[in-house]
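Asks: With the sequence up front, the predicted model follows.
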Amino acid sequence: MKILLLNQAFYPDVVSTAQHAADLAMRLTQAGHDVTVVCSSRGYDNPRTRFAKRERWNDVNVIRIGSTGFGKATKWRRAMDFGTFMASCAFRLCLLPHFDVFLAMTSPPLISFLASLAVPSKANNLVFWSMDLNPDEAIAAGWLAETSLSARVLSRMLLYSLKRAAVIVALDRFMKDRIEAKGIEAGKILVVPPWAHDDHVAFDSVGREEFRKLHGLSNKFVVMYSGNHSPCHPVDTLLDAAERLTDDGIAFCFVGGGSEFRKVQERAQHHGLRHVLCLPYQPFETLSASLSAADLHVVVMGDPYVGIVHPCKIYNVLALGIPFLYIGPGQSHVQDITTEAISGAYMATHGDVPRVVANIFRAKERTADVLPRPSQLSRRFSKDVLVRELISAIEQTDSRCDAGAGFSSEPA
């Protein structure tokens with residue numbers, strides 16, 4: 001099959017969607033498919049980073065297109081970058097040959113709409129890989145009023161994309177329910193969580209000590225939030241806890257980027273939190289070392305965002321076997337996982353700083369001299385299992401559409 005993957009970020013970018021897109025594209029070519037990727041020539045988190053315009057990577061034909069590079073500091077800057085990328089993408093699609101399948105992700109928001117307009121003239125079928133839902137996210141964040149003209153137009157665009165798609169990939173049952181509530185038939189929605197990078201991520205005792213020594217974390221109990229810092233994953237409660245825990249041999253490490261990362265840096269500096277360390281995204285090659293440096297990982301889900309975004313970082317944490325603290329609503333995908341009797345899982349809600357502090361102390365007491373072991377659940381979310389399931393759905397697109405077959409509600 002000839003497959004075109006559309007997403008703003010792709011290898012060698014290190015953001016989550018780039019990594020998952022690269023994993024799938026490489027496995028598709030290994031399965032004998034002809035894969036082309038259209039993505040941005042700029043880094044997702046740092047637009048000053050530039051990548052080659054054309055590249056042949058692991059037999060994947062990568063086409064990187066231009067856009068403005070204003071960054072994410074303000075909404076208009078993000079909108080300009082997204083808009084110019086969409087315009088460049090539309091122009092590029094006009095020049096490309098016909099494909100069997102368009103596989104559209106959700107960065108920038110509603111790129112799936114652009115793909116849906118090109119079906120069937122440029123592709124036989126559309127697979128909508130929903131890494132998040134917009135404008136639902138923008139409405140939940142307060143960036144758009146639900147009754148505004150912009151929100152209504154964008155909602156119509158999303159609905160059009162969902163209806164045109166032959167297959168919709170949702171990340172959890174909450175996202176599936178939200179898509180169904182828009183009037184989409186359940187039979188074409190497949191639930192496939194974003195897998196762990198378990199072929200690259202494993203507990204690394206040597207790398208752990210090197211990372212901790214390099215950043216002055218030796219002999220500290222390290223609480224780590226690693227990944228995208230966005231309004232969907234608010235870390236205010238965690239920072240409130242950090243302000244209370246200044247003299248207990250505990251260090252807080254925030255690793256990554258995103259629109260809220262600068263706020264974390266500014267708050268730590270303003271309050272003189274010398275035990276709070278902020279680091280940029282780490283190279284993929286050293287991801288095991290940086291993640292292994294934590295004694296307690298933190299996974300955060302904003303209350304209004306269940307079913308809209310997904311806590312992807314939980315899967316690498318499960319693969320490492322390091323205890324984690326979840327801060328978020330009771331009804332969520334993370335809570336679904338923790339009901340399966342995972343040891344080393346701690347829970348708190350947003351605003352409950354005393355419980356967060358108590359859980360950190362409890363984890364500190366329990367994890368002394370204990371070697372992390374991968375959770376049994378990590379096998380369910382491994383790359384081999386989930387990529388295989390997603391590829392199978394893509395390969396059956398034509399026959400599934402003809403036969404009207406459906407998917408089961410949960411992944412195997």
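Replies: Happy to help now that I have it. Residues are numbered from 1 along each chain as shown.
Asks: so where do the strands sit in the protein?
Replies: 2-6, 34-40, 54-57, 60-65, 99-104, 123-129, 167-170, 189-191, 221-228, 250-257, 276-280, 296-300, 324-327, 345-348 (DSSP state E).
Asks: okay, those strands in CSV with mean pLDDT, mean neighbour count and distance to residue 141 next?
Replies: For every residue, glycine as well, the C-beta is placed using N, CA and C. Formatted as CSV, the strands of the chain follow (pLDDT from 0 to 100; neighbours: other CB atoms under 10 Å; distance: least, CB to CB, whole Å):
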stretch, mean pLDDT, mean neighbour count, distance to residue 141
strand 2-6, 98, 23, 24
strand 34-40, 98, 23, 23
strand 54-57, 96, 12, 34
strand 60-65, 98, 20, 27
strand 99-104, 98, 24, 22
strand 123-129, 97, 24, 22
strand 167-170, 98, 25, 20
strand 189-191, 97, 22, 24
strand 221-228, 96, 23, 14
strand 250-257, 96, 23, 18
strand 276-280, 96, 17, 22
strand 296-300, 97, 25, 15
strand 324-327, 96, 25, 18
strand 345-348, 94, 21, 22
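Asks: Let me have the ones you listed in CSV, extended by distance to residue 206.
Replies: As requested, the strands of the chain are exported to CSV (distance: least, CB to CB, whole Å):
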stretch, distance to residue 206
strand 2-6, 36
strand 34-40, 34
strand 54-57, 29
strand 60-65, 32
strand 99-104, 38
strand 123-129, 36
strand 167-170, 37
strand 189-191, 37
strand 221-228, 16
strand 250-257, 18
strand 276-280, 19
strand 296-300, 19
strand 324-327, 22
strand 345-348, 27
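Asks: do you know which of these lies nearest residue 208?
Replies: strand 221-228 (9.4 Å; CB to CB).
Asks: show me what contacts the closest residue to residue 258 other than its chain neighbours?
Replies: Counting by CB to CB, 6 or more residues apart in numbering, residue 258 lies nearest to residue 229, which is 3.9 Å off, once chain neighbours are set aside. Shown in contact with residue 229 (CB atoms under 8 Å, 6 or more residues apart in numbering): 235, 254, 256, 257, 258, 259, 260, 261, 263, 264.
Asks: Buried ones among those residues?
Replies: With neighbours counted by 16 or more other CB atoms under 10 Å, the contacts of residue 229 contain buried members at 235, 254, 256, 257, 258, 259, 260, 261, 264.
Asks: so which of these would you say is closest to residue 312?
Replies: Closest approach to residue 312 among those (CB to CB): residue 256, at 11.8 Å.
Asks: Surely that closest one and residue 226 touch.
Replies: Yes: with contacts counted by CB atoms under 8 Å, residue 256 reaches residue 226, the gap being 5.8 Å.
Asks: For stretch 145-163, buried residues please.
Replies: Buried residues in stretch 145-163 (16+ other CB under 10 Å): 151, 154, 155, 157, 158, 161, 162.
Asks: Pull out the CA atoms of stretch 280-292 and give them to me as PDB.
Replies: Taking Å, rounded to 0.1, in the frame of the first residue of the first chain, the C-alpha atoms of stretch 280-292 are listed here in PDB:
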ATOM      1  CA  PRO A 280      14.900  20.700  28.200                       C
ATOM      2  CA  TYR A 281      13.800  17.600  26.300                       C
ATOM      3  CA  GLN A 282      16.600  15.000  26.500                       C
ATOM      4  CA  PRO A 283      17.900  13.300  23.400                       C
ATOM      5  CA  PHE A 284      16.100  10.100  22.600                       C
ATOM      6  CA  GLU A 285      19.400   8.200  23.000                       C
ATOM      7  CA  THR A 286      19.600   9.200  26.700                       C
ATOM      8  CA  LEU A 287      15.900   8.900  27.500                       C
ATOM      9  CA  SER A 288      16.400   5.800  29.600                       C
ATOM     10  CA  ALA A 289      19.100   7.500  31.700                       C
ATOM     11  CA  SER A 290      17.000  10.600  32.300                       C
ATOM     12  CA  LEU A 291      13.800   8.700  33.200                       C
ATOM     13  CA  SER A 292      15.700   6.200  35.300                       C
END
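Asks: tell me the contacts of the closest residue to residue 294 other than its chain neighbours?
Replies: Take residue 294 and drop its neighbours on the chain: the residue closest to it by CB to CB, 6+ apart is residue 224, 3.6 Å away. Contacts for residue 224 (CB under 8 Å, 6+ apart) come out as 252, 253, 254, 255, 291, 293, 294, 296, 297, 298.
Asks: out of these, which one sits closest to residue 33?
Replies: Distances from residue 33 to those, taken by CB to CB, are shortest for residue 291, at 31.3 Å.
Asks: right, and that closest one touches residue 313 too?
Replies: No: between residue 291 and residue 313 there is no contact under CB under 8 Å: 9.0 Å.
Asks: so what sits against both of the two?
Replies: 226, 297.
Asks: Looking at those two now, which is surrounded by more residues?
Replies: The residue with more neighbours, out of residue 291 and residue 313, is residue 291; 28 against 24, by other CB atoms under 10 Å.
Asks: so how far is residue 229 from that one?
Replies: 16 Å (CB to CB, to the nearest Å).
Asks: cool, and residue 240?
Replies: 16 Å.
Asks: in the sheet, who's paired with residue 327?
Replies: Here residue 327 sits in beta bridges with residue 300, residue 348, as judged by DSSP bridges.
Asks: mind checking how far stretch 139-153 is from the chain centre?
Replies: 23 Å (CA atoms, centre = their mean, to the nearest Å).
Asks: how about the CA coordinates for it, as CSV?
Replies: C-alpha atoms of stretch 139-153 as CSV (Å, rounded to 0.1, in the frame of the first residue of the first chain):
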residue,chain,number,x,y,z
ILE,A,139,-12.8,25.0,24.6
ALA,A,140,-11.8,23.1,27.8
ALA,A,141,-8.8,25.4,28.2
GLY,A,142,-11.0,28.5,27.8
TRP,A,143,-9.2,29.7,24.6
LEU,A,144,-12.5,29.4,22.7
ALA,A,145,-16.1,30.0,23.9
GLU,A,146,-18.2,26.9,23.1
THR,A,147,-20.9,29.0,21.6
SER,A,148,-18.6,31.3,19.6
LEU,A,149,-18.6,31.3,15.8
SER,A,150,-15.0,30.0,15.7
ALA,A,151,-15.8,27.1,17.9
ARG,A,152,-18.8,26.1,15.9
VAL,A,153,-16.9,26.3,12.6
